[in-house]
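Student: Turn this into a structure:
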Amino acid sequence: QEFTDRWSGFFNRDCESLNLLTPHVQPSAVGHIPEQIALIGKLIDKGKAYQASDGSVYFNVGSFEGYGCLSRLAEREITTNEIQRESSDEYDRDSAADFALWKARRPEDGDNFWNSPWGEGRPGWHIECSAICMKHLGESFDLHSGGVDLVFPHHENEIAQVEAATEKTFARHWFHIAHLMVEGKKMSKSLGNLHTLEELSEQGYKPQEVRYVLLSGSYRQPLNFTFDSLKAAQKALSKLQSFA
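Tutor: Numbers count the residues shown, from 1 in each chain. Have a look, this model is predicted:
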């Protein structure tokens with residue numbers, strides 16, 4: 001909680017600086033463990049999930065006919081073996097495509113474990129979002145958003161979990177955002193091209209100028225953030241203010 005609160009604080013301060021509307025709720029995964037356990041239990045009861053010998057619980061992808069509809073993956077491509085985020089899900093699953101709903105406790109988990117009907121452990125990477133959505137938005141809602149890198153496996157698995165449990169359409173529309181580039185390269189700490197709002201403010205740029213740059217491209221296309229574009233935003237906003 002202490003760790004996540006610190007980063008949530010940074011994020012919320014940046015959002016305020018950018019003049020973004022405050023969300024009605026900011027739910028956390030850790031704050032919804034009972035909801036996740038209940039959803040896993042429902043999937044087991046419906047025959048859509050199974051418990052492995054070590055206590056981990058997996059979703060049976062073969063039991064959900066619509067799997068792959070969002071990412072349009074052919075059956076031969078539906079595997080989580082080579083997906084980095086899924087590497088920790090390698091326990092005792094029936095199929096390479098099956099993904100973890102509950103991970104049995106391991107020594108490296110430290111204090112990150114909870115009690116469940118399947119023993120001590122923690123939720124998988126995908127069940128968290130499904131349980132949170134269902135609690136705060138209902139079993140079926142209009143619009144689900146996220147980065148383009150979440151289409152598979154994350155959003156695909158969210159759909160499978162919820163629709164297998166409810167037999168309703170999970171999200172009617174999906175809104176996937178392309179990645180942000182910086183000076184033509186992928187933004188990363190190792191390349192030294194990761195710029196925080198605080199750092200840009202210290203260099204004399206206003207948050208509204210950063211916002212103007214971020215709004216200048218289509219969400220479907222990667223946006224190339226450059227300092228030239230930031231200077232162009234300064235001029236454009238200056239003209240708008242003079243006109244106003």
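Student: Run through who's touching stretch 226-236.
Tutor: By C-beta atoms under 8 Å, 6 or more residues apart in numbering, the residues outside stretch 226-236 that reach it are 182, 183, 184, 200, 205, 206, 209, 210, 212, 213, 216. Heads up, the C-betas are built off the backbone N, CA and C, glycines and all.
Student: wait, the second one sits on residue 194?
Tutor: By that I understand residue 183. No - taking contacts as C-beta atoms under 8 Å, residue 183 lies outside contact range of residue 194: 11.6 Å.
Student: what sits in contact with each of these two?
Tutor: Joint contacts of residue 183 and residue 194 (C-beta under 8 Å, 6+ apart) do not exist.
Student: one step back: can you redo the contacts of stretch 226-236 as JSON lines with distance to residue 139 and secondary structure?
Tutor: Compiled in JSON lines, the contacts of stretch 226-236 are given as follows (distance: C-beta to C-beta, whole Å; DSSP: H, G, I helix; E, B strand; the rest coil):
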{"residue": "182", "distance to residue 139": "39", "secondary structure": "strand"}
{"residue": "183", "distance to residue 139": "44", "secondary structure": "coil"}
{"residue": "184", "distance to residue 139": "43", "secondary structure": "coil"}
{"residue": "200", "distance to residue 139": "41", "secondary structure": "helix"}
{"residue": "205", "distance to residue 139": "44", "secondary structure": "coil"}
{"residue": "206", "distance to residue 139": "42", "secondary structure": "coil"}
{"residue": "209", "distance to residue 139": "42", "secondary structure": "helix"}
{"residue": "210", "distance to residue 139": "37", "secondary structure": "helix"}
{"residue": "212", "distance to residue 139": "38", "secondary structure": "helix"}
{"residue": "213", "distance to residue 139": "38", "secondary structure": "helix"}
{"residue": "216", "distance to residue 139": "37", "secondary structure": "coil"}
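Student: could you pull out the strands for the chain?
Tutor: Counting by DSSP state E, the chain has strands at residues 49-51, 57-59, 99-104, 121-123, 141-147, 171-177, 180-182, 185-186, 223-225.
Student: Quick one: closest of the ones you listed to residue 30.
Tutor: For residue 30, the closest of those is strand 121-123, at 9.4 Å, according to C-beta to C-beta.
Student: Show me what the closest one is packed up against.
Tutor: Applying 3 or more C-beta pairs under 8 Å, 6 or more residues apart in numbering; DSSP states H and E, one finds that strand 121-123 contacts helix 33-45, strand 99-104.
Student: same question for the first one, mean pLDDT?
Tutor: Just to be clear, that refers to helix 33-45. The average pLDDT for helix 33-45 rounds to 98.
Student: So which residues make contact with it?
Tutor: 29, 49-51, 57, 59, 101-102, 114, 116-118, 123, 127-128, 130-132, 134-135, 161, 164-165.
Student: how many other residues sit next to the residue lying closest to residue 193 once chain neighbours are set aside?
Tutor: For residue 193, ignoring the flanking residues on the chain, the nearest one in space by C-beta to C-beta, 6 or more residues apart in numbering is residue 182 at 4.2 Å. Residues near residue 182, counting by other C-beta atoms under 10 Å, number 18.
Student: got a list of what residue 182 touches?
Tutor: Contacts of residue 182 by C-beta under 8 Å, 6+ apart are 193, 194, 195, 224, 225, 226.
Student: one more time with 10 Å, if that's ok
Tutor: By C-beta atoms under 10 Å, 6 or more residues apart in numbering, the contact list for residue 182 reads 188, 191, 192, 193, 194, 195, 223, 224, 225, 226, 227.
Student: What distance do you get for it to residue 201?
Tutor: Computed as C-beta to C-beta, to the nearest Å, the residue 182 to residue 201 distance reads 17 Å.
Student: Now the residue lying closest to residue 179 once chain neighbours are set aside: phi and psi?
Tutor: The shortest distance from residue 179 to any non-neighbouring residue, by C-beta to C-beta, 6+ apart, is to residue 222 (5.2 Å). Per-residue torsions, residue 222: phi -60, psi 140 (degrees, to the nearest 10).
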